[in-house]
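A.B. asks: Got a sequence here, can you build the structure:
(2 chains)
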Amino acid sequence: MRLNHLFLLSALIGALTFFGCGDDDNDEVTLRMQFEHKFGSEDAVYGSVYEIDGIAMRFDLGMFYCSHFTPKDDSGDAITSFTDEYILVRADEPTIHEIGTFNAKSVKGLGFRIGVESSVNHGDPANWTSPHPLSSQSPSMYWGWDNGYIFFKFEGRVDTDEDGEPNAPVLYHIGKDDFFELVDISVNEATVDGVMDVIVTVDYEKLFTNIDFTVDRVNHTNIESLHIATQLAENWPSMFE
Amino acid sequence: MIAFPRYIILWVLACLVLSCESDPCNDATVYELDLPAGFPAMPVPEGNELTQARITLGKQLFYDKRLSRDGQIACASCHLQELAFTDGEAVSIGAQGRTGFRNAPSLANVGYHPYLFREGGGISLETQVLGPLEDSTEMAFNMLEAVNRLKEFPEYQAQAEQAYDQEFSAFVLTRALGAFQRTLISGESAYDQYLYAGAVLDSAAIRGAILFNGDKAQCSSCHSGFNYTDYSFQNIGLYDEYSDLGRARVSLDLADIGKFKVPSLRNVALTAPYMHDGSIQRLEQIIEHYDHGGQGHINQNPAIVPLGLSTDEKADLLAFLESLSDLNFISKPEFGPE
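C.D. replies: As a prediction, this is how the structure comes out:
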């Protein structure tokens, strides 16, 4: 670009910012999310053992999808909504997930959903190119025999013979159109150089609220124990802070 | 703009010069299915139109044991051509000798199925691949890992480029398997020859066909059309209590307990044992089951009632079912391993 064009352009941008349309103190914000995985106050690490209600539980896997990100202003109103963004959170991978860029005065809240919406849920993972979160994953996040995404996967072992050692497998593979649960968290992070890094805490202990996890240990969102799957999904929103 | 026509000329020359055995001219052109009389057009998903290159790649994958984690199981291990692509077992045996809980269905005319698996949870032949590939009792593998393994083989890379114009991926793997399976068409049974080619058929089989389609036995109320299925989910009262819940597993609706996709009856004399769990060994026993009227499960279809069939009528029904075998289908080299 020639110099005088550049000059004209910057003058124009300057003028637009200066004589803006009332939103003059809005800043461009790039929202990013990071997850801290916990059992209560302890860091959640694969292979480690935690106590839930005095019962030993080993943590082996935690993975879940988030989508429909909605940053909110100080009166709780949506600033914008990112409905085509999907992230796959893995407790073994500290990842910074970039959500999107928008204009805002301040961001005080963030809404998002666990899982993927029904129109995407029963699509074909092969239509997404690896490493897109909706492409095939290892471990798998898609049911081959009942085509649809697993929204939330938790795996571990629990002490069922009361010797303090986790022995029996715990497998929760949960997902279903109705379980597209809404999570709402407050945001206190500041924007630095146009980037806001929202740190979300995930507490796996809260997954087990009202769950008799020494008995109802395995759930693939099946009809025989759908009430347990429903309870697990209802617990999701309380896990996030 | 001169380069374009020049390429075309070169290509045509290449086609003319090269022998058509390796057929560079036809690899990418649309492959027309040779449909038997009475068969409708097969729906083919957008982006996976049939070409020879896709079908060839799909067949290779179908017979490739490297699709399983331990390299011991191919699709063809449980879908054998000589058994009309079933495996002769009550329930299939997969990785490390682990047994599944279902009987392997025939893949004849599977391209016409609007959904896959006995409870209908597979939405297409493409996504269906994830079922066996990732099932711990079948191939016990993972799609991502399978793709990473297979893309190391230059012949697969080259075929992927040729067939789908991209590198080997989950997309290529699943599309190609879908393309090959859509060619598994069976419509040349003795009964087809009788219907459409004026061939002679045993009179017992003809009487059996009339019974099958008539009001007395009502078989064709479910086993209807050119593929002898309406693809609906039905409970035929095999049990008064089903340990395999069938359709309810995906619909999560109690009214669907014990309902399974109506199977095609083509080649049925070649595909024993029968039913979703392989619990019935012989066709005679199936006829007895229907004549009896089922166990009276709460979701049992009202058409399943005692039929009052005579010994002769049962023999006629059996003769008809046996006339549905297509011996060409189970011996065609196009479908077999190289």
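A.B. asks: give me the number of residues near B:Arg98?
C.D. replies: Residues lying near B:Arg98 (other Cβ atoms under 10 Å in any protein chain shown) number 13. All C-beta atoms are positioned from the backbone trio N, CA, C, and that covers glycine.
A.B. asks: For it, give me phi and psi.
C.D. replies: phi -70, psi 140 (degrees, to the nearest 10).
A.B. asks: which bits of the stretch 101-250 of chain B sit near chain A?
C.D. replies: Counting by Cβ under 8 Å from any Cβ of the partner chain, the stretch 101-250 of chain B comes close to chain A at B:117, B:119, B:121-124, B:126-135, B:142-145, B:147, B:169-171, B:173-175, B:245, B:248-250.
A.B. asks: where are the low-confidence patches of chain A?
C.D. replies: Chain A contains residues with pLDDT under 70 at A:1-24.
A.B. asks: What parts of it come near chain B?
C.D. replies: A:122, A:124-127, A:129-130, A:135-140, A:142-147, A:176, A:222-224, A:226.
A.B. asks: I'd guessed B:Ser221 sits against B:Ala303; true?
C.D. replies: Yes - with contact defined as Cβ atoms under 8 Å, B:Ser221 counts as touching B:Ala303 (5.4 Å).
A.B. asks: Filter the residues of chain A next to chain B down to the buried ones.
C.D. replies: Buried by 16 or more other Cβ atoms under 10 Å in any protein chain shown: A:122, A:124-126, A:130, A:135-137, A:140, A:142-147, A:176, A:222-223, out of those.
A.B. asks: returning to what we had before: could you flag which of the residues of the stretch 101-250 of chain B next to chain A are buried?
C.D. replies: So, by 16+ other Cβ under 10 Å, the buried ones in those are B:117, B:119, B:121-124, B:126-135, B:142-144, B:147, B:169-171, B:173-175, B:245, B:248-250.
A.B. asks: how much space is there between A:Met33 and A:Asn235?
C.D. replies: 20 Å (Cβ to Cβ, to the nearest Å).
A.B. asks: Looking at these two, which is more packed in?
C.D. replies: A count of neighbours by other Cβ under 10 Å puts A:Met33 above the other of A:Met33 and A:Asn235, at 21 against 17.
A.B. asks: quick one, what contacts the more buried one?
C.D. replies: A:66, A:69, A:87, A:96-97, A:99, A:110, A:197-198, A:200 (Cβ atoms under 8 Å, 6 or more residues apart in numbering or on different chains).
A.B. asks: Mind doing that once more with 10 Å?
C.D. replies: For A:Met33, the contacting residues are A:66, A:69, A:85, A:87, A:89, A:95-99, A:110, A:112, A:196-200, by Cβ atoms under 10 Å, 6 or more residues apart in numbering or on different chains.
A.B. asks: Please apply the same query to B:Asn235.
C.D. replies: With Cβ under 10 Å, 6+ apart, B:Asn235 has these contacts: B:242, B:246-248, B:255-260, B:294-295, B:297-301, B:304.
A.B. asks: sec struct for the residue nearest the centre of chain A, please.
C.D. replies: Nearest to the mean C-alpha position of chain A, by Cα atoms, centre = their mean, lies A:Cys66 at 3.7 Å. Using DSSP: H, G, I helix; E, B strand; the rest coil, the structure places A:Cys66 in strand.
A.B. asks: those helices in the chain, which residues are they?
C.D. replies: The chain I'm using is chain A. A:3-18, A:118-121, A:226-239 (DSSP state H).
A.B. asks: try again with chain B
C.D. replies: Under DSSP H, chain B gives helices at B:3-17, B:52-62, B:75-78, B:125-128, B:130-134, B:143-150, B:154-164, B:170-182, B:190-197, B:203-213, B:248-251, B:283-292, B:311-322.
A.B. asks: Compare the ones you listed and give me the one nearest B:Phe329.
C.D. replies: helix B:190-197 (10.8 Å; Cβ to Cβ).
A.B. asks: residues making contact with the closest one?
C.D. replies: By Cβ under 10 Å, 6+ apart, helix B:190-197 touches B:36-39, B:186-189, B:199-202, B:205-206, B:208-209, B:226, B:266, B:320-327.
A.B. asks: what's the answer for stretch B:203-212, then?
C.D. replies: By Cβ under 10 Å, 6+ apart, the surrounding residues in contact with stretch B:203-212 are B:190-191, B:194-195, B:200-202, B:216-220, B:223, B:228, B:265, B:287, B:307, B:309, B:312-324.
A.B. asks: Can I get that stretch in PDB, CA atoms only?
C.D. replies: Output of stretch B:203-212 as PDB, limited to C-alpha atoms (Å, rounded to 0.1, in the frame of the first residue of the first chain):
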ATOM      1  CA  SER B 203     -43.700 -75.600  -7.200                       C
ATOM      2  CA  ALA B 204     -43.300 -75.800  -3.400                       C
ATOM      3  CA  ALA B 205     -41.300 -72.500  -3.500                       C
ATOM      4  CA  ILE B 206     -44.000 -70.900  -5.600                       C
ATOM      5  CA  ARG B 207     -46.700 -72.000  -3.100                       C
ATOM      6  CA  GLY B 208     -44.400 -70.700  -0.300                       C
ATOM      7  CA  ALA B 209     -44.100 -67.300  -2.000                       C
ATOM      8  CA  ILE B 210     -47.900 -67.000  -2.200                       C
ATOM      9  CA  LEU B 211     -48.200 -68.000   1.500                       C
ATOM     10  CA  PHE B 212     -45.400 -65.600   2.400                       C
END
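A.B. asks: That stretch: how far from the chain's middle?
C.D. replies: 26 Å (Cα atoms, centre = their mean, to the nearest Å).
A.B. asks: Same question for stretch A:121-136.
C.D. replies: 17 Å.
A.B. asks: Endpoints of it, how far apart?
C.D. replies: 13 Å (Cα to Cα, to the nearest Å).
A.B. asks: ok, now which ones touch residue 95?
C.D. replies: Here I'm looking at chain A. Counted by Cβ under 10 Å, 6+ apart, A:Thr95 has contacts A:32-35, A:87-89.
A.B. asks: that's the wrong chain, I meant chain B
C.D. replies: Shown in contact with B:Ala95 (Cβ under 10 Å, 6+ apart): B:68-73, B:77, B:135-141.
A.B. asks: Nearest to chain A among those residues?
C.D. replies: B:Asp135 (6.6 Å; Cβ to the nearest Cβ).
A.B. asks: Show me the shaky parts of chain B.
C.D. replies: For chain B (pLDDT under 70), the answer is B:1-26.
A.B. asks: Domain map for it?
C.D. replies: B:6-182, B:190-322 (automatic domain parsing).
A.B. asks: I'd like those as TSV, with distance to A:Gln231 appended.
C.D. replies: Shown next, in TSV, are those (distance: least, Cβ to Cβ, whole Å):
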stretch	distance to A:Gln231
domain B:6-182	24
domain B:190-322	15
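A.B. asks: Neighbours of B:Gln193, how many?
C.D. replies: 16.
A.B. asks: The one 4 residues further on now?
C.D. replies: The number of residues packed near B:Ala197 is 9, by other Cβ under 10 Å.
A.B. asks: who's in contact with residue 28?
C.D. replies: All of this refers to chain A. Contacts of A:Glu28 (Cβ under 10 Å, 6+ apart): A:101-104, A:191, A:194-195.
A.B. asks: other chain: chain B
C.D. replies: B:49, B:51-54, B:162-163, B:165.
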